[in-house]
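Asks: For reference, the sequence and a predicted model appear below.
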Amino acid sequence: MRSLLLLAAAAVLTAQTPLPDPPPPGGLRVFLCGTGSPLPDAARAGSCVAILAGAQMILLDSGPGSWRNIAVANLPAGALTAVFLTHYHSDHMGGLGEAMTQSWIAGRAQPLEVYGPAGVERVVNGFVEAYALDASYRTEHHTEQYMPSRAARAVAKTIPAGDLSPVFERSGLVVKAFAVPHEPATPAVGYRVEFGGNIVVFTGDAAASPAIAKAAAGADLLLHDALNKGLIRMAAAALGSQGRARQAKMIADTLTYHASPEEAARIAAEAKVKKLVLTHCVPPPNQPAVEQAFLRGLAGIFPGEIVIARDSMKFDLPPRP
C-alpha cells in the first residue's frame, strides 16, 4: 500500500504525464497552451503560445489558465527565456504572474524578460509587486540556493510597435514585432518568430491588416485570431430583443477589432503561408455547427491547410534551408 501511495504522489508531482518527446533537432515546436477568447470556455485557457527552439522556450502572450496546460504537458518550464505580450487585455496577460513564479520554481535562474509595446513596464511592475510576498516566502522556505530571490523578478523590455525589425535575437532564435490594429487597445503588436529556417507568425488580437500579410510572407504557420461576425451580430440582436442592452453592446463592440475567418484566410492566401490556424475564436467553436460556420467557404479563399485551434495542440517544424 505504501508503495502505491508513493507512486501516486510521484505521478502528481510530475503532472501525471511522461516527459514530452523533444522537438525536431534544429527545428522548433509550437505548443498551443491557450486558445480561448474572453468568452467563457471550459475547454480553452487564455491566449498563449509556447515555442520551443533549441534549449530555449518562449511564450507569446500569457493568458489566464495557460500555465496549467504547460505544466500538464511537462514543457521545460525552467528553460523559459522570455515572454512576449501582444497587448494588455487581461485575457492575453492575466497568467503572467504564474509564468514568472512557476518557471522560477522549475529552475529558471535569471530574471524573466518580458517584452511588449509601450506600457509593459507598468504591467510587469504590477505583477512583480503582486507576487512579492509569495516570492519572499518561497526563498525563505527553500533558501537562496534553491530559490534565488533575484530570479523571482521579471524585467520589462519595451519594444517599438514597429516595422518587423528584430526585438530579440539569441542562439539562432529571432523574434520580430509588427504593429496591428486593435483600437482602443493600443499599441498592439503581433510577432514573427524565425528559427531553423522556419517562420511562425502570431497576431494576438487584430483586425485585418496589410501589415499582417507582410509579416506573414512565406510563413510555415500563421496563428490568426478570428471572430465570426455573422454569429456575433445574431447574438447581439438576440440579446437586444431580450432587453439586455448592456450585453448586446459589449458583444457588438468586438466586431470592430477582430478579423473574420474570411479575412484571415485572405491574409494567409496573400502571404502564401503553408498552414493557417484560427485561434482566439469568438464565439468558441466547441460544437460542430459553430466550427463549420468558422470554416465555411474558406477553402475557396486559401488553398492551404486550415486548423481550428484547441488547447495543447502542437506543431513540429523540422529545420529547413
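Replies: Cool, got the structure. Numbers count the residues shown, from 1 in each chain.

Asks: Going by C-alpha atoms from here, please, whenever you check contacts or count neighbours.
Replies: Fine.

Asks: Closest to the centroid, which residue in this structure?
Replies: What sits nearest the mean C-alpha location of the chain, by C-alpha atoms, centre = their mean, is Cys48, with 2.0 Å.

Asks: got the contact list for that residue?
Replies: Leu32, Cys33, Gly34, Thr35, Leu59, Leu60, Asp61, Ser62, Gly63, Ser66, His92 (C-alpha atoms under 8 Å, 6 or more residues apart in numbering).

Asks: Can you add distance to Tyr191, neighbour count and secondary structure and give these back as JSON lines?
Replies: As requested, those are exported to JSON lines (distance: C-alpha to C-alpha, whole Å; neighbours: other C-alpha atoms under 10 Å; DSSP: H, G, I helix; E, B strand; the rest coil):
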{"residue": "Leu32", "distance to Tyr191": "15", "neighbour count": "27", "secondary structure": "strand"}
{"residue": "Cys33", "distance to Tyr191": "17", "neighbour count": "32", "secondary structure": "strand"}
{"residue": "Gly34", "distance to Tyr191": "16", "neighbour count": "33", "secondary structure": "strand"}
{"residue": "Thr35", "distance to Tyr191": "16", "neighbour count": "27", "secondary structure": "coil"}
{"residue": "Leu59", "distance to Tyr191": "11", "neighbour count": "23", "secondary structure": "strand"}
{"residue": "Leu60", "distance to Tyr191": "8", "neighbour count": "26", "secondary structure": "strand"}
{"residue": "Asp61", "distance to Tyr191": "10", "neighbour count": "31", "secondary structure": "coil"}
{"residue": "Ser62", "distance to Tyr191": "14", "neighbour count": "30", "secondary structure": "coil"}
{"residue": "Gly63", "distance to Tyr191": "16", "neighbour count": "29", "secondary structure": "coil"}
{"residue": "Ser66", "distance to Tyr191": "19", "neighbour count": "31", "secondary structure": "helix"}
{"residue": "His92", "distance to Tyr191": "14", "neighbour count": "27", "secondary structure": "helix"}
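
Asks: In the chain, where is pLDDT below threshold?
Replies: Scanning the chain for pLDDT under 70 picks out 1-20.

Asks: Walking through it, point out its strands one by one.
Replies: 28-34, 48-53, 56-60, 80-84, 112-116, 154-158, 163-170, 173-179, 189-195, 198-202, 221-227, 275-282, 305-308, 314-317 (DSSP state E).

Asks: so which of the contacts of Cys48 comes closest to Gly304?
Replies: Checking the contacts of Cys48 against Gly304 with C-alpha to C-alpha, the nearest one is Leu32 at 19.9 Å.

Asks: The closest one pairs with what?
Replies: The bridge-partner assignment for Leu32, based on DSSP bridges, gives Val49.

Asks: about what we covered before: how close does the residue nearest to the centre of the chain get to Leu96?
Replies: Counting by C-alpha to C-alpha, to the nearest Å, the gap from Cys48 to Leu96 is 10 Å.

Asks: Sort out which residues of the lengthiest helix in the chain are buried, please.
Replies: In the chain, taking DSSP state H as the definition, the longest helix is helix 132-146. Judged by neighbour count using 16 or more other C-alpha atoms under 10 Å, the buried positions of helix 132-146 are Ala135, Arg138, Thr139.

Asks: Now it - C-alpha only, PDB.
Replies: Written as PDB, here are the backbone C-alpha positions of helix 132-146 (Å, rounded to 0.1, in the frame of the first residue of the first chain):
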ATOM      1  CA  ALA A 132       6.400  39.800  -4.000                       C
ATOM      2  CA  LEU A 133       5.200  38.300  -0.800                       C
ATOM      3  CA  ASP A 134       4.800  34.900  -2.400                       C
ATOM      4  CA  ALA A 135       8.400  35.100  -3.700                       C
ATOM      5  CA  SER A 136       9.700  36.100  -0.300                       C
ATOM      6  CA  TYR A 137       8.000  33.100   1.400                       C
ATOM      7  CA  ARG A 138       9.500  30.600  -1.100                       C
ATOM      8  CA  THR A 139      13.000  31.900  -0.800                       C
ATOM      9  CA  GLU A 140      12.800  31.900   3.000                       C
ATOM     10  CA  HIS A 141      11.400  28.400   3.000                       C
ATOM     11  CA  HIS A 142      13.700  26.800   0.400                       C
ATOM     12  CA  THR A 143      16.800  29.000   0.800                       C
ATOM     13  CA  GLU A 144      18.600  31.200  -1.700                       C
ATOM     14  CA  GLN A 145      20.500  28.200  -3.000                       C
ATOM     15  CA  TYR A 146      17.300  26.700  -4.500                       C
END
